[in-house]
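S.K.: Could you work out the structure for the sequence below:
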Amino acid sequence: MSQFISVFDMLKIGVGPSSSHTLGPWRAAQQWIKTIKEINLFDQIDGIRIDLFGSLSLTGKGHATDYAILLGLSGTDPEYIPIADIDKIVNQIKIHQKLQFNNEREITFSVENIVFNKEFLPFHANGMTFRGFCKGKEIATETYFSIGGGFIVQEKDHLEEVIEISKKNFPYPINKAIQLEEYCENKNLLISDIVLKNELELRSSDEIDFELHRIWDTMLECMHIGCHTEGKLPGGLNVKRRAFDLHTKLIKDTTYKNPKEWITAIRSTEVKFREILKWVSCFALSVNEVNAALGRVVTAPTNGSAGVIPSVLMYYLVIENHEADFSHIKRFLLVAGEIGSIFKKNATISAAMGGCQAEIGVSSAMAAAALTELLGGSPAQCLSAAEIAMEHHLGLTCDPIGGLVQVPCIERNSMGAIKAIHAAEIALETNPKECLVSLDKVIDTMWETAKDMNKNYKETSEGGLAVTVRIVDC
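M.R.: Down below sits the predicted model:
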């Protein structure tokens, strides 16, 4: 049976700035609490220590890994926590050295109990160990790995098996892109049709629509917030938010009262080529500025690449098709999610494993395929668009300055979005049967490139821009 990854596993609502370094550790803390409750140790624990390893340690401070663990141990959920509560909870722990363990009982806890170890564990670059103590004796220990996109596994798990979500027999099991293409051809269906039929094995039609509405509403709200917030980003680099000024110039004196009216307002603005480029960049920058400020975003497929998919979808809504409705948004998200899952199964979406090609490259491929379907492309052309987008991200390194998801991360979302649109246009004018490189081949190439890449360029901040431009110089 083929592994199945739901669209709702690839597109998850959470808090920035990183899916692997923030969302993953947050989920790991929640999972650890669940585990120690199942073995009746939760009430006995009076002390906790967390050891971070590899990339989690090297860039953990800049990625708010320590915040995420504190929030997870405090019993909050990244999908629903009020953003304003984040600093309050963390500051209370720092000041009083007390942790409201799962929001059920108070225990003594110092932030120094989160230990940053530079060495790497052999299983994966993003390792963390949770240790629980009772009267000084260690009574509960679990090691987790954050493998990208908010997915976590335990040390004893087999990496190849973790992404199998259900034992059900799905009507269209998909591991490779060629299988997806064959289903579409044999059944005369679009990619979104195939994906929807699989999703209906897990959820009702109403549930799918509700969750997709929630994902899109979060994306739209994130873009709206980013375009209407000025100032500098936290973290020490003093990076100025650019989406606000860019948006002000583009929107001019158009009026609106909420995010939905905002879409209509944008549609009324000038749409010359330069303005289109600026709008797409504005949308992408806005999302990742919100992400960098620990705001609410949709992991797509990671937080560091969260701006690509919403900006390309917004481009379709405000530039390409002013009559577009939820049915178009639904198809876009279904296609994007499936393309991301194929990368997840056959390569990686973790920058700590594959560099930024695994984040921006994958998100660009997801967006390119989804846009191609909405523009009338065949399933084969959709897959060709995904291949083109990834092909031109191969080898992209992950070298965040100061370990922060800001430079060059924010701008890369803008570039990934533009490449996705360009890839879609090329694919629409291409006969897929004449293409020399398939999507499956480029995914294999990306994975081989990832394995060959020096670890300094895999989200460690020990190479590239992170070394030539240091935080003390900013």
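
S.K.: Mind checking which residue lies nearest the centre of this protein?
M.R.: Nearest to the mean C-alpha position of the chain, counting by Cα atoms, centre = their mean, stands residue 302 at 1.5 Å.

S.K.: gap between residue 169 and residue 4?
M.R.: 10 Å (Cβ to Cβ, to the nearest Å). Using the backbone N, CA and C atoms, a C-beta is placed for each residue, glycine as well.

S.K.: Those two: who's more crowded?
M.R.: Taking neighbours as other Cβ atoms under 10 Å, residue 169 and residue 4 compare with residue 4 leading, 24 against 10.

S.K.: is it true that the more buried one touches residue 172?
M.R.: No. Applying Cβ atoms under 8 Å as the test, residue 4 and residue 172 come out as separate, 9.7 Å apart.

S.K.: Find residues that contact each of those two.
M.R.: Taking Cβ atoms under 8 Å, 6 or more residues apart in numbering as the contact rule, the neighbours common to residue 4 and residue 172 are residue 198.

S.K.: which residue sits farthest out from the middle of the chain?
M.R.: Within the chain, the residue lying farthest from the chain centre (Cα atoms, centre = their mean) is residue 135, at 39.5 Å.

S.K.: can I assume residue 100 is in contact with residue 106?
M.R.: Yes. Residue 100 sits in contact with residue 106 when judged by Cβ under 8 Å, with a separation of 5.8 Å.

S.K.: More neighbours: the two, which one.
M.R.: Legend: neighbour count by other Cβ under 10 Å for residue 100 and residue 106, higher for residue 100 (17 against 11).

S.K.: picking up where we left off before, ignoring the adjacent residues along the chain, who's closest to the residue farthest from the centre of the chain?
M.R.: The spatial neighbour of residue 135 that comes closest, neighbours along the chain excluded (Cβ to Cβ, 6 or more residues apart in numbering), is residue 46 at 6.8 Å.

S.K.: Can you check what pLDDT the model gives that neighbour?
M.R.: On pLDDT, residue 46 comes in at 97.

S.K.: Residue 473 now?
M.R.: For residue 473, the model assigns a pLDDT of 62.

S.K.: Quick check: which ranges of this structure have low pLDDT?
M.R.: Applying pLDDT under 70 to the chain picks out residues 1-3, 156-168, 471-474.

S.K.: Quick check: residue 28 is in a helix.
M.R.: Yes. Counting by DSSP: H, G, I helix; E, B strand; the rest coil, residue 28 is part of a helix.

S.K.: Tell me how many other residues surround it.
M.R.: 27.

S.K.: wouldn't it be in contact with residue 126 here?
M.R.: No. Residue 28 is not in contact with residue 126 according to Cβ under 8 Å; the separation is 9.7 Å.

S.K.: who touches both of the two?
M.R.: Residues touching both residue 28 and residue 126 (Cβ under 8 Å, 6+ apart): residue 146.

S.K.: if we can go back for a sec, do you know how far the residue nearest to residue 135 is from residue 96?
M.R.: Using Cβ to Cβ, one gets 16 Å for the distance from residue 46 to residue 96.

S.K.: Neighbour count: those two, which is higher?
M.R.: residue 46 (16 against 11).

S.K.: Next, the more buried one: phi, psi?
M.R.: The phi/psi pair for residue 46 (degrees, to the nearest 10) reads phi -120, psi 0.

S.K.: isn't it right next to residue 138, touching?
M.R.: No. Applying Cβ under 8 Å as the test, residue 46 and residue 138 come out as separate, 11.8 Å apart.
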